[in-house]
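Chemist: Quick one, fold the following:
(one chain, ligands or ions: 1)
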Amino acid sequence: MELLEWNAGVYDSLPLPHKRWGAAAIDRLGLSGDETVVDIGCGTGRDAEHLLGALPGGRVIAVDGSRQMLEQLSSRLGDRGDRLRVVHADLREPLDLGEPADAALSVATLHWLPDHDVVFRSVAAALRSGGRFVAEGGGFGNIAEFRRAVAAVGGDTGDAFWNFADVETTVVRLDAAGFTDLDVKLTPDPARLERGEQLETFIATVLLGAQLRDLPMSEQRPFVRAVADQLAEPVIDYVRLQICATRR
Ligand SMILES: C[S@@+](CC[C@H](N)C(=O)[O-])C[C@H]1O[C@@H](n2cnc3c(N)ncnc32)[C@H](O)[C@@H]1O
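Modeler: Reported below is the predicted structural model:
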């Protein structure tokens, strides 16, 4: 399947819960300030910017598959010389960065990647022994109510492209990929939005990009509104899979 493009400008204008998910994940990395950190699925660079601030003597390697997201990252961060390396890559394939990193971060990206064995092996290969991996993404049960709303209007519930993994399977995969000190949990974290324009733009930009690209432009807004109308509350019922691990 062709990689999904994102409306990066609109994405950044939204009240994203991703902002606090990213900040919490960076806190859990426990950085000292001179590390090289890989951001797996860096999007528009919000967390890369935060990381650069936390790493006065360190570097960020920002990896993503969306050209639009990476263009937005470049206009946000500008030229940081050696402190920022931007890598355009399809994370469904094994990743070879050609240099060892001290830590890896991933926010709201894992559930877009169909094979977590491949991803975890890529992250393990990117890290030095003892390197920390902190990640979060949609986990088992994520957006179940929202997907019921999509199904109720005849939409695609994303079985073919969303991967909402559970704790037990994730622990086994991390161990097999070479990680230890595993702390993996599922946390419900619903996000409330304002009904109308804000909710519909959020749904169109953050949630239904894959479904909408197959619809003619004229049908996209009516479809999004129909999904929004099915929600009893303007709430997206996120359940986050949170991972802390150390490379053996
Ligand atoms: C919801 S966004 C999260 C971006 C950012 N981490 C944040 O928290 O705002 C998901 C990101 O995963 C990237 N992504 C999804 N599938 C990918 C793939 N196969 N290869 C590379 N990047 C991918 C998208 O391009 C997008 O930037």
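Chemist: Which SSE is immediately downstream of the top strand by length along the chain?
Modeler: Counting by DSSP state E, the longest strand found in the chain is strand 127-138. Going down the chain from strand 127-138, the next helix or strand is helix 144-152, by DSSP states H and E.
Chemist: Can you tell me what sits against that following helix?
Modeler: For helix 144-152, the surrounding residues in contact (C-beta atoms under 8 Å, 6 or more residues apart in numbering) are 156-158, 207-208, 211, 227-228, 230-231, 235-237, 239. For every residue, glycine as well, the C-beta is placed using N, CA and C.
Chemist: which two of the residues you listed lie the greatest distance from each other?
Modeler: The largest separation in the contacts of helix 144-152, counting by C-beta to C-beta, is between D156 and V235 at 21.4 Å.
Chemist: in terms of contact, does V37 touch L97 like I think?
Modeler: No: applying C-beta atoms under 8 Å, one finds V37 not in contact with L97, separated by 11.8 Å.
Chemist: Would you agree V123 is in contact with A177?
Modeler: Yes: using C-beta under 8 Å, V123 is in contact with A177, at 7.4 Å.
Chemist: who's more crowded, the two?
Modeler: V123 (28 against 21; other C-beta atoms under 10 Å).
Chemist: need the contact list for that one.
Modeler: Per C-beta under 8 Å, 6+ apart, neighbours of V123: 38, 40, 95, 104, 106, 133, 177.
Chemist: pLDDT of the one helix or strand the fourth one maps to, averaged?
Modeler: When secondary structure is defined by DSSP H and E, A104 falls within strand 101-107. Averaged across strand 101-107, the pLDDT comes to 98.
Chemist: Note down every partner strand of that strand and its orientation.
Modeler: strand 36-40 (parallel), strand 127-138 (parallel) (DSSP bridges).
Chemist: Helices along the protein, start to end?
Modeler: Using DSSP state H, the helices found in the chain span residues 8-13, 18-29, 46-54, 67-77, 116-126, 144-152, 167-177, 197-202, 209-212, 217-230.
Chemist: Can you lay out those helices as JSON lines showing distance to the ligand?
Modeler: JSON lines is the format used below for the helices of the chain (distance: least, C-beta to the nearest ligand atom, whole Å):
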{"stretch": "helix 8-13", "distance to the ligand": "7"}
{"stretch": "helix 18-29", "distance to the ligand": "4"}
{"stretch": "helix 46-54", "distance to the ligand": "6"}
{"stretch": "helix 67-77", "distance to the ligand": "4"}
{"stretch": "helix 116-126", "distance to the ligand": "9"}
{"stretch": "helix 144-152", "distance to the ligand": "14"}
{"stretch": "helix 167-177", "distance to the ligand": "17"}
{"stretch": "helix 197-202", "distance to the ligand": "12"}
{"stretch": "helix 209-212", "distance to the ligand": "9"}
{"stretch": "helix 217-230", "distance to the ligand": "17"}
